[in-house]
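J.: With the input below, show me the fold.
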Amino acid sequence: MEKKSSQIIRENITYMINNDETTSMRNLSTSIGASDSFIQKILTEKANPYIEKIDLISEYFDVGSWEMLYNFRKDNNDMLSILQMLQKLPASSMPVVKEFLAFLLRQFTDSSSH
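T.: Sure, this is the predicted structure:
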């Protein structure tokens, strides 16, 4: 069963708070102009953030807003850091990145077929 976007957002916020030693639910809440308990209410399913708050949360963690809605840990915990590194690359490097990923996929599929 697919996860709802609100569940993915909760998981992503939890992940980002847990991986940032300087962030607490309270300081994240006040940093985005919300009540002290806003993030706690989101994480305990008592509230859902609207898009403006999702944008502010993503700015706080310096990630794209789309990353808050993406289930990047579905298969691999390293996916967020990979996506963040890719996001920092200039657009002109994307053809090289795509070709390298295609190469890696070919290597993987070739080795698993033997």
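
J.: residue closest to the middle of this structure?
T.: Among the residues of the chain, the one closest to the centroid is Glu67, at 3.9 Å (C-alpha atoms, centre = their mean).

J.: any idea how far Glu59 lies from Lys4?
T.: Using C-beta to C-beta, to the nearest Å, Glu59 is found at 23 Å from Lys4. All C-beta spots, glycine's among them, are computed from the backbone N, C-alpha and C.

J.: neighbour-wise, which of the two wins?
T.: Remark: of Glu59 and Lys4, Glu59 carries more neighbours, 13 against 10, as counted by other C-beta atoms under 10 Å.

J.: mean confidence score for the helix or strand where that one lies?
T.: Element membership for Glu59, per DSSP states H and E: helix 51-60. Over the span of helix 51-60, the pLDDT mean works out to 94.

J.: what does that helix rub up against?
T.: Outside of helix 51-60, the residues within contact range by C-beta atoms under 8 Å, 6 or more residues apart in numbering are 9, 13, 23, 28, 31-34, 38, 49, 64-65, 67-69.
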